[in-house]
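Trainee: Prediction below, plus the sequence it came from.
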Amino acid sequence: MALNTDSRLDRLWKEYSLAFQDFDDLTLARWLAQTLGQLEGRVWRLSHPLLGAYRLAAQLGHRRQVWLKRLATAPAAYMEAPCCRAPLLPLLTRDVRESGLICQHCTETAVSFEEIPTTLRAELDAWAARYAPIHAVAHWDNQQRKSAANYDLAYENAVEQAEQMLVTLSTKIMPKLLDHYPAAVWEDQDECLSVQPEDLEL
């Protein structure tokens with residue numbers, strides 16, 4: 001019987017989130033504000049443990065509406081996210097053209113693709129256009145796989161290209177987000193191509 005790894009991972013993250021359940025609203029708001037101060041000025045991997053902890057606390061804070069209650073003051077550099085009015089900590093994924101920049105608090109689109117500053121948007125558009133056909137290899141249908149002659153080789157090539165593209169995103173493009181946001185997060189994996197954070201050599 002196959003194990004549902006997604007379900008197991010979800011249960012694990014729910015277990016991790018219990019650490020914040022005992023925080024009262026004021027303690028939670030202060031922890032979030034202090035952690036935002038620690039995140040400021042850097043680009044972060046989505047897989048970073050501090051980001052994982054912040055995301056769990058932020059989503060709990062969103063459910064409790066701690067930012068709307070004004071229980072703590074976020075560091076001054078953070079603007080208010082239009083989606084939920086929490087401090088804006090944007091997440092950039094490979095789907096940036098469709099989903100824009102994602103809010104770490106409510107998981108909705110915080111900045112649509114059209115609202116990203118023009119020069120940065122053009123660079124992200126070019127990156128996403130190059131990445132899309134690489135990612136698509138994981139979703140080829142049977143006919144596409146047969147036409148490739150050696151699908152395993154095509155898949156392995158796509159994995160290597162995806163790793164290179166994600167490293168390029170991290171080193172060349174993400175630092176430019178700091179010209180517009182006090183901190184930013186990037187998705188450092190591609191689960192469809194089995195690219196994991198530890199595969200990316202920065």
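Mentor: Sure, I can see it.
Trainee: can you name the farthest residue from the center of this protein?
Mentor: Largest separation from the mean C-alpha position in the chain: residue 149, at 34.7 Å (Cα atoms, centre = their mean).
Trainee: For that one, which residues are in contact?
Mentor: Not one residue lies near residue 149 by Cβ atoms under 8 Å, 6 or more residues apart in numbering. (C-beta placed from N, C-alpha, C; glycine too.)
Trainee: for the one helix or strand residue 28 maps to, packing partners?
Mentor: According to DSSP states H and E, residue 28 maps onto helix 25-39. Helix 25-39 is packed against helix 49-64, with contacts defined by 3 or more Cβ pairs under 8 Å, 6 or more residues apart in numbering; DSSP states H and E.
Trainee: what do you get if the cut-off is 10 Å, keeping everything else the same?
Mentor: With contacts defined as 3 or more Cβ pairs under 10 Å, 6 or more residues apart in numbering; DSSP states H and E, helix 25-39 has these neighbours: helix 5-21, helix 49-64.
Trainee: What segments of this structure are strands?
Mentor: All strands of the chain, identified by DSSP state E, fall at 43-45, 90-92, 101-103, 109-111, 184-186.
Trainee: what's the closest of the helices and strands packed on helix 25-39 to residue 155?
Mentor: With Cβ to Cβ as the criterion, residue 155 lies closest to helix 5-21 of the helices and strands packed on helix 25-39, at 19.7 Å.
Trainee: the inter-axis angle of that closest one versus helix 49-64?
Mentor: Relative orientation of helix 5-21 versus helix 49-64 (axes from the mean of the first three to the mean of the last three Cα atoms, to 10 degrees): 70 degrees.
Trainee: which sections of the protein are below the confidence cut-off?
Mentor: Within the chain, the stretches with pLDDT under 70 are 1-6.
Trainee: how distant is stretch 104-123 from the center of its chain?
Mentor: Centroid separation for stretch 104-123 versus its chain: 12 Å, with Cα atoms, centre = their mean, to the nearest Å.
Trainee: Kindly check the end-to-end length of that stretch for me.
Mentor: End-to-end distance for stretch 104-123, by Cα to Cα, to the nearest Å: 23 Å.
Trainee: Of all the residues in that stretch, which ones are buried?
Mentor: 104, 105, 106, 109, 110, 111, 113, 116, 121 (16 or more other Cβ atoms under 10 Å).
Trainee: export the residues you listed to a markdown table and tack on distance to residue 38?
Mentor: Shown next, in a markdown table, are the buried residues of stretch 104-123 (distance: Cβ to Cβ, whole Å):
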| residue | distance to residue 38 |
| --- | --- |
| 104 | 14 |
| 105 | 17 |
| 106 | 21 |
| 109 | 25 |
| 110 | 20 |
| 111 | 22 |
| 113 | 29 |
| 116 | 25 |
| 121 | 28 |
